[in-house]
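**Q** Provided below for reference: sequence and predicted model.
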Amino acid sequence: MSDLKGLARLTKKKELESRIATKTEEIQTLKAGLSGIVRQHGFATVQDFYTAFYTAQRVTDTYQKECAKWEEIYREKATPKSETIHAKIQRYREKADRQNANQPYRSRDKGAR
């Protein structure tokens, strides 16, 4: 309303005042409804609800930060990275080569019996 000047101020004043009054009534109705909802869930006042809500929110944030820190420290040690098929085949070949290198050579010819 303070932005209007001259004739527009006179004509729009009543319309704007009625819109302000309507919105004020809506706000009061919503506040009363909020108070009822809060009481249904066991809180005496909306202020008690907000106190409990903000406390829970702080605890949750702290917990999530600690979990992120733990995962950053221990995640790589606890779970191995997924291995590609090529890497698995290479690892199995190396294992087989080591086993074959440790065994002495044995001829398959056992001679005639």
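**A** On my side now, so go ahead.
**Q** in this structure, where is pLDDT below threshold?
**A** Scanning the chain for pLDDT under 70 picks out 1-11, 76-81, 105-113.
**Q** helices of that one, start to end?
**A** Assigned by DSSP state H, the helices in the chain fall at 6-40, 46-78, 85-102.
**Q** can you give me the angle the first one makes with helix 46-78?
**A** Helix 6-40 and helix 46-78 meet at an angle of 70 degrees, taking axes from the mean of the first three to the mean of the last three C-alpha atoms, to 10 degrees as the criterion.
**Q** elements contacting helix 6-40?
**A** Under the contact criterion of 3 or more C-beta pairs under 8 Å, 6 or more residues apart in numbering; DSSP states H and E, helix 6-40 touches helix 46-78. In this view, the C-beta of every residue, glycine as well, is placed from N, C-alpha and C.
**Q** swap in the second one?
**A** Taking 3+ C-beta pairs under 8 Å, 6+ apart as the contact definition, the neighbouring helices and strands of helix 46-78 are helix 6-40.
**Q** which of the residues in the helix it packs on are buried?
**A** Going by neighbour count (16 or more other C-beta atoms under 10 Å), the buried part of helix 6-40 is Val38.
**Q** please apply the same query to stretch 95-105.
**A** Per 16+ other C-beta under 10 Å, stretch 95-105 contains no buried residues.
**Q** outline the domain layout of the chain.
**A** Residue ranges for the domains of the chain, per automatic domain parsing: 8-42, 44-102.
**Q** what lies in contact with stretch 46-58?
**A** With contacts defined as C-beta atoms under 8 Å, 6 or more residues apart in numbering, stretch 46-58 is touched by Leu34, Ser35, Val38, His41, Phe43.
**Q** switch the cut-off to 6 Å
**A** Ser35, Val38, Phe43 (C-beta atoms under 6 Å, 6 or more residues apart in numbering).
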